[in-house]
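> sequence unknown, structure follows:
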Ligand SMILES: Nc1ncnc2c1ncn2[C@@H]1O[C@H](COP(=O)(O)OP(=O)(O)OP(=O)(O)O)[C@@H](O)[C@H]1O
């Protein structure tokens with residue numbers, strides 16, 4: 001069963017089409033990236049998913065059904081616009097939020113204590129939110145979205161305001177949640193994090209679906225058909241010139257990128273290189289999600 005299914009969903013605001021004929025599904029236990037430039041329609045899609053607004057046409061199923069009030073307690077949401085109870089002590093606030101989502105008080109305490117510990121915030125549990133730095137408040141926001149152990153977690157820019165160490169901590173937590181079978185939707189402009197974390201993605205542009213599928217497949221499909229090669233000794237670079245069937249070579253410091261002729265088999269090329277030089281790296285170059293994001297937007301604007 002899919003955790004989420006969108007079938008031909010469209011939404012307009014005052015005659016302006018914001019989402020047009022969007023179909024996709026999210027599988028249980030995956031990290032699903034929701035990507036796209038500013039104004040693409042990502043937040044609108046999340047609001048439809050949470051039944052905050054209704055589609056003009058199409059169907060949205062969550063946990064295999066239309067979203068019921070009870071099913072909402074199975075979802076955790078970290079919204080783009082953050083808001084915490086500034087005057088409340090951290091621990092009390094987390095317990096309160098968990099109880100709002102139907103968690104009994106004792107369990108809520110246990111969850112809160114253990115989560116605060118896991119994000120190294122235990123020492124601040126009796127502090128008021130307003131006494132914390134922006135980054136710490138951001139971590140608390142993240143905790144408040146997962147305090148009730150939701151099956152489906154929707155994270156809108158979870159890394160904003162976090163330093164590299166805290167970004168790594170939150171990333172590890174997200175991976176831990178996936179390992180525990182939770183389904184995660186990650187909306188972010190941070191392509192490096194999206195590439196590391198996401199199993200599959202949906203990319204929107206001007207309300208339309210422009211990319212959809214597994215990150216690995218998308219990166220392979222957008223590959224330029226080049227190979228990265230590195231030799232043990234710099235002098236071995238000259239061997240490349242002795243090999244036929246290479247149309248272009250670009251040097252990148254220690255490694256070189258080679259562009260074989262279309263009809264040349266990678267296997268034969270590898271064999272030839274191994275015979276002639278001491279090869280320590282040979283891999284197909286895949287474009288990053290960031291490169292694909294920019295390339296997709298550029299080709300859309302040229303259409
Ligand atoms: N309630 C609304 N009424 C009218 N227009 C709206 C409303 N909500 C969103 N829009 C418009 O819909 C478009 C998509 O907005 P949305 O917030 O979904 O984009 P986004 O992809 O989340 O952008 P960002 O990355 O900047 O957060 C924008 O042009 C926005 O102005």
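The structure has been received and is ready for your questions. This is a predicted model, so every value here is computed, not measured.
> wait, is residue 80 part of a helix?
No - using DSSP: H, G, I helix; E, B strand; the rest coil, the secondary structure at residue 80 is coil, not a helix.
> got the contact list for it?
Residues in contact with residue 80, defined by Cβ atoms under 8 Å, 6 or more residues apart in numbering, are 43, 156-157, 187. Backbone N, C-alpha and C define where each C-beta goes, glycine included.
> Which of those residues fall in strands?
Secondary structure from DSSP state E places 156, 187 of these in strands.
> now, among the contacts of residue 80, which is nearest to the ligand?
residue 43 (3.3 Å; Cβ to the nearest ligand atom).
> re the thing from before, just the buried ones among the contacts of residue 80, please.
43, 156-157, 187 (16 or more other Cβ atoms under 10 Å).
> Save those residues as JSON lines, and put in pLDDT too.
Converted to JSON lines, these look like this (pLDDT from 0 to 100):
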{"residue": "43", "pLDDT": "94"}
{"residue": "156", "pLDDT": "94"}
{"residue": "157", "pLDDT": "92"}
{"residue": "187", "pLDDT": "96"}
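> near the ligand, which of those residues show up?
residue 43 (Cβ under 6 Å from any ligand atom).
> how about the buried ones among the contacts of residue 80, which pair is most distant?
The distance between the two most remote of the buried ones among the contacts of residue 80 (Cβ to Cβ) is 10.1 Å, for 43 and 157.
> Tell me the residues that contact both of the two, please.
Between them, residue 43 and residue 157 share the contacting residues 80, 187, judged by Cβ under 8 Å, 6+ apart.
> so where's the stretch 51-200 of the chain shaky on pLDDT?
Low-confidence segments of the stretch 51-200 of the chain (pLDDT under 70): 82.
> what residues does it put near the ligand?
residue 80.
> Pick out the residue in the stretch 51-200 of the chain sitting closest to the ligand.
Counting by Cβ to the nearest ligand atom, the stretch 51-200 of the chain gets nearest the ligand through residue 80, at 5.9 Å.
> part of a strand, is residue 162?
No - under the criterion used here (three-state DSSP), residue 162 is coil, not part of a strand.
> residues near residue 57, how many?
Residue 57 has 11 neighbouring residues, counting by other Cβ atoms under 10 Å.
> got a list of what it touches?
8-10 are the contacts of residue 57 under Cβ under 8 Å, 6+ apart.
> Likewise for residue 138?
By Cβ under 8 Å, 6+ apart, residue 138 lies in contact with 82, 158, 160-162, 166.
> quick one: secondary structure of it?
helix.
> Now do the buried residues in stretch 285-302.
Under 16+ other Cβ under 10 Å, the buried positions of stretch 285-302 are 285-287, 289, 292-293, 296-297.
> Report the rounded mean pLDDT for the helix or strand harbouring residue 296.
According to DSSP states H and E, residue 296 maps onto helix 289-301. For helix 289-301, the mean pLDDT works out to 89.
> where's the residue of the chain positioned farthest from its centre relative to the ligand, distance?
In the chain, counting by Cα atoms, centre = their mean, residue 242 sits farthest out from the average C-alpha position, at 43.1 Å. Distance check for residue 242 against the ligand: by Cβ to the nearest ligand atom, to the nearest Å, it reads 51 Å.
> Isn't residue 30 up against residue 197?
No - if you go by Cβ atoms under 8 Å, residue 30 and residue 197 don't touch, sitting 10.3 Å apart.
> the more surrounded of the two?
Ranked by neighbour count (other Cβ under 10 Å), residue 30 and residue 197 place residue 197 first, with 21 against 17.
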